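[1] Build me a structure from this.
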Amino acid sequence: MIRIQEILDKVAAHNQEANLELIQRAYVFAASAHAGQTRLSGEPYLSHPLAVACTLAEMGFDEPTVAAGLLHDTVEDTGTTIEDIDEQFGEEVADIVDGVTKISMIPFENKEEAQAENIRKMILAMSHDMRVLMVKLADRLHNMRTLDFQKAHKQRRIAQETMDIYAPLANRLGLYIMKRNLEDLSFKYLRPDIYNQIDLWLDKHQVVEKQIIEKVVNLLKDLLASNDLHGEIYGRIKHKYSIYKKMQSQSLTLDEMHDIMAFRVIVQDIKDCYAVLGLVHSQWKPVHGRFKDYISMPKANGYQSLHTTVIGPEGERIEIQIRTEDMHRQAEHGIAAHWLYKEKGRVHTRDLEQFSWLREIFERQREEADSREFMHALKLDLFKDEVYVYTPAGDVKELPEGATPLDFAYMIHTKVGQHCSGAKINGRLMPLGTPLKNGDTVEIITDNARSPNRDWLKLVKTARARNRIQHYLRTEERARALVLGRDMLEKEGRKVSLNVARALKEGQLALVAGELNFENVDELIAAVGYAHITPRRVLNRLYAVLHPEDPSLASAITQGKEKEKETPRDSKEEAPRKAADGISLSDGVDGVLMRFAKCCNPVPGDPVIGYISRGMGITVHRADCPNVANMEPERLISVHWDGQEEKPYDAAVFIIAENQPGVLAQVAAELAQQQININEITSKSLVDGRTELHLTIQVRNASQLYAIIELIRKLPHILEVVRDTDE
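    Next comes the predicted model:
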């Protein structure tokens, strides 16, 4: 277990005037609060906050951040309150601990919603103090390092979340060491077979690689010395996940990999960077297309360096990074450098001008009500590498890899995007969906008569462009729904001698809107246009409002006969009514064709949502179905299981197993023993000695489905079992 003195020494190494007494007191408090608690590994629980604080100290964070690392679990896991932290350690430490605590203390209906909202809360906390995220990243790093003690399915879930969100966040913040560690640890649990292959291969070749690294370092030192340049030179083997990505992108085997060594040259100033670059290119042949100048065009997180790949000694490809000491400090510490070298006082995210992408994320999280849609947009922002393109005036704009002229147009201004009619790339007229490349000059052609359409969503890669297009489409469709809804009401009203226009003007329709639980009359009319509620239902209520003395006449509206006396609609018709096997509607839609989505195969017990399709009735999806995120929100409708399900439902299961004889037979035998019918099964052998199985089985509900998944997981040679979703 890490000792507190190690942490104090690391903090003092960065700042000789650091308030070490604050950290010492936080240690004593955490030790007392966590006394008697243990981790799954059997270690004292205190080992975790000590590891988190040590990581923060190594990164160079200030004393309040390190103290918060020691205290970050006390409020959630002990009887400590935020008021206790505030009283003993001050507001600054308490705010960081409070931000970390709030991320994980909110109850949710399901794991997907919890993950989405926790990430959203973390992003929001960053807007107040970036150190909240730093503590959370350090917390995640130690949890990944001790993941062996979790169950296999939890290992995969936590590793996937780390790879999807935390590693990309560390990358965007310039925390490259943490990013590499998180990626390698996630890779270890997501693809243990390939991870172990790379590990064994590197171990086998380490002697040769060490010799080459030593040789190149000495050659670079001699090259600088002979040209009167001073600098420090380091060499290393690239981390395992980056090797795997290179294997995937270039379709290479391990024995074909030659670009796995990286060298770093740190010099005094910028002119020396370019001087060293020239010397390196004169010494070794550069690889075409592998030079990147991040000094003249820094990354969004402030990263600056020259990157080049050359054919080095013995024909090996080697990557060389050249930077100044200030650039190296920024690259090593990322955003932490702002606390390392700042004057006294708190650094706010809003003060960090180079993190403009973060401000866009903050703004988006306020605008986007749905946490899962926010997660989708966040991944678009985090996952892509950058490309740098020019405006006609020569300004540099950063976009994610794969971005198009339409993304560029929305980056310039929303109005430029909305009226984009064409684009010139390097002077040539090109389609709006053309992927942009580094160094392209992009000119946008606008036309005030042009406006976004739904096909544009297929062309854009940035969350900003996607959100702006969706907002425009929602606004336009709402306007059309208002016109259509009013036309439908007035047309049906004329059939039964009801003047809807007059009722709207005199306020009676507003009363109907209130009775039907709509915020205002526009919401009611739009709901009619969207087919969320029928004109008949609205007119029944309107008739009752206009003729309170004779409510029995209301039912005549449904028959189109104003004078016919019938019993009015009773309360039972207002209740949810069954529209398909096991599903009920609650939004006033009736007589509608309903079917279950094949992409996600909902079963009883799943949270579900309906989507009104043009001419095809309502399609029922699982609420967490990936396809729901791309649907028009106005067409989504509330549905639920009515508790009377009797027939079996189709459910899809995806299995990864070792390619061994009898694996399929043992799965089928287990299902037969549980009296589960298999409707369909397909298998595919993979080149790495594994087999993929896709099964469609019949179950009564979600509980039975997940029980079956757990049983299959326990079978020999089974590597992974998840519920399948056709994305």
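[2] Out of the helices and strands in the protein, which is least certain?
    Ranking every helix and strand in the chain by mean pLDDT, DSSP states H and E puts strand 577-580 at the bottom, with a mean of 45.
[3] could you pull out the helices for the stretch 151-300 of the chain?
    Counting by DSSP state H, counting those that start in this stretch, the segments of the stretch 151-300 of the chain that form helices are 152-161, 167-172, 176-190, 192-226, 240-250, 270-283.
[4] which stretches of the stretch 351-500 of the chain form strands?
    For the stretch 351-500 of the chain, the strands defined by DSSP state E, counting those that start in this stretch occupy 386-390, 396-400, 420-425, 428-430, 442-446.
[5] and of the ones you listed, who's closest to Ile678?
    Distance to Ile678, taken as C-beta to C-beta, is lowest for strand 396-400 among the strands of the stretch 351-500 of the chain, at 42.0 Å. Heads up, the C-betas are built off the backbone N, CA and C, glycines and all.
[6] Listing partners with orientation, what would you give for the closest one?
    Within its sheet, strand 396-400 is paired with strand 386-390 (antiparallel), according to DSSP bridges.
[7] buried sites along the partner strand?
    The neighbour-count check on strand 386-390 (16 or more other C-beta atoms under 10 Å) flags Glu386, Val387, Tyr388, Val389, Tyr390 as buried.
[8] Now the residues you listed in TSV, please, with extra columns for pLDDT and distance to Arg156.
    Putting the buried residues of strand 386-390 into TSV (pLDDT from 0 to 100; distance: C-beta to C-beta, whole Å) gives the following:
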residue	pLDDT	distance to Arg156
Glu386	71	29
Val387	78	32
Tyr388	77	36
Val389	84	38
Tyr390	83	43
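[9] Same list, the strands of the stretch 351-500 of the chain, but as JSON lines with distance to Ala707 please.
    Formatted as JSON lines, these follow (distance: least, C-beta to C-beta, whole Å):
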{"stretch": "strand 386-390", "distance to Ala707": "45"}
{"stretch": "strand 396-400", "distance to Ala707": "41"}
{"stretch": "strand 420-425", "distance to Ala707": "52"}
{"stretch": "strand 428-430", "distance to Ala707": "54"}
{"stretch": "strand 442-446", "distance to Ala707": "54"}
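[10] Output the below-cut-off pLDDT ranges for the chain.
    Scanning the chain for pLDDT under 70 picks out 102-128, 300-301, 333-385, 549-582, 585-593, 613-617, 634, 643-646, 725-727.
[11] what about the strands of the stretch 351-500 of the chain, which gets the closest to Val52?
    Taking the strands of the stretch 351-500 of the chain one by one with C-beta to C-beta, strand 386-390 is closest: 30.1 Å.
[12] can I get the CA coordinates of the closest one in PDB?
    Extracted in PDB, the C-alpha atoms of strand 386-390 (Å, rounded to 0.1, in the frame of the first residue of the first chain):
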ATOM      1  CA  GLU A 386      -8.500  15.800 -35.600                       C
ATOM      2  CA  VAL A 387      -8.000  17.300 -39.100                       C
ATOM      3  CA  TYR A 388      -7.000  20.900 -39.700                       C
ATOM      4  CA  VAL A 389      -8.500  22.800 -42.500                       C
ATOM      5  CA  TYR A 390      -8.300  26.500 -43.700                       C
END
